[in-house]
Every structure is written in C-alpha cells, then in structure tokens.
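Asks: Sequence first, predicted coordinates after that:
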Amino acid sequence: MTADYDVTAEEIEQISGVNPLRCMRCGRCSATCPAYDEMEYHPHQFVAMVERGEIDKLMESQSIYKCMSCMACIERCPRQVKPARLIEAIRLAVVRKQGGNHLCPDDVPALYDPDLPQQALVSAYRKFTK
C-alpha cells in the first residue's frame, strides 16, 4: 500500500454514512454474523474500532475480506448502526490506497454495456465517487 493516503475515521463515516456513536455494544450484529468464527475482528468490534480511530488496524485485517456482505448484522441492529457498511467502506479505502480507485462521470460512457442492469451502474458510480 502507498503511504501517501491516510484514512481517517471521519472519512470512513462519511463513505459509509454510519455514525458509530449510535452503537450500544449489545453484540447482536456479531451474534448473527455467519462469518464470525473466521473473523479477527467481529462486526461490533469494527464499529468500536472506527469510533476509536483504529482505521489502520482494520485496513490491515483479513476480516474485511471474510465479511460476506450478507447484511445480517444490519437486520439485527436495534440502533441501525450498519456494521457491514463500515466494513465495506474500509474495503473501499484499501482499494483506493492501493491504486486510487475512483470513477469519474466522463468514464461512464466507455463502460456502458446495454446488458448491464442500470442499478449496477448507478451503484458503482455511487460507490466509486465517494
């Protein structure tokens, strides 16, 4: 990874749209996680680590790749904290740190495929422009 791109907790919160301060540490998200046994850091720990600003630890963890993005943690959270969105934001930060991955509006026409669902294009645009 390149050393010239430091990621802050505020950036992760902005990318994910999640406020980690809403978490009450009940652990329901982790209890329902199908990848729990495979993860070094569990969903509730991700939230706490983002809150504490321990982004580098999360970016180096293999847990971000063990998350199945099933969103079960989101469904179980009584406070709508959305740990999976934080994990996805960390993954995106790693990708950007490795190669500055962004999508510009001018890049879209060249990528357009009439067989591609419009939702996929809009989702990719939203994800890669944050």
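Replies: That came through, no problem. Numbering: from 1, shown residues only.

Asks: I'd like to know how many residues surround Gln14.
Replies: 12 (other Cβ atoms under 10 Å). C-beta coordinates here come from the backbone N, C-alpha and C atoms, glycine included.

Asks: and the gap between it and Ile64?
Replies: To Ile64, Gln14 is 18 Å away according to Cβ to Cβ, to the nearest Å.

Asks: Quickly find the element holding the most centrally placed residue in the chain.
Replies: Central residue of the chain (Cα atoms, centre = their mean): Glu88, 1.8 Å from the mean position. Assigned by DSSP states H and E, Glu88 belongs to helix 83-99.

Asks: and the helix or strand following that helix, what does it pack onto?
Replies: Next along the chain after helix 83-99, taking DSSP H and E as the criterion, comes helix 108-111. Other helices and strands packing on helix 108-111, by 3 or more Cβ pairs under 8 Å, 6 or more residues apart in numbering; DSSP states H and E, are helix 118-128.
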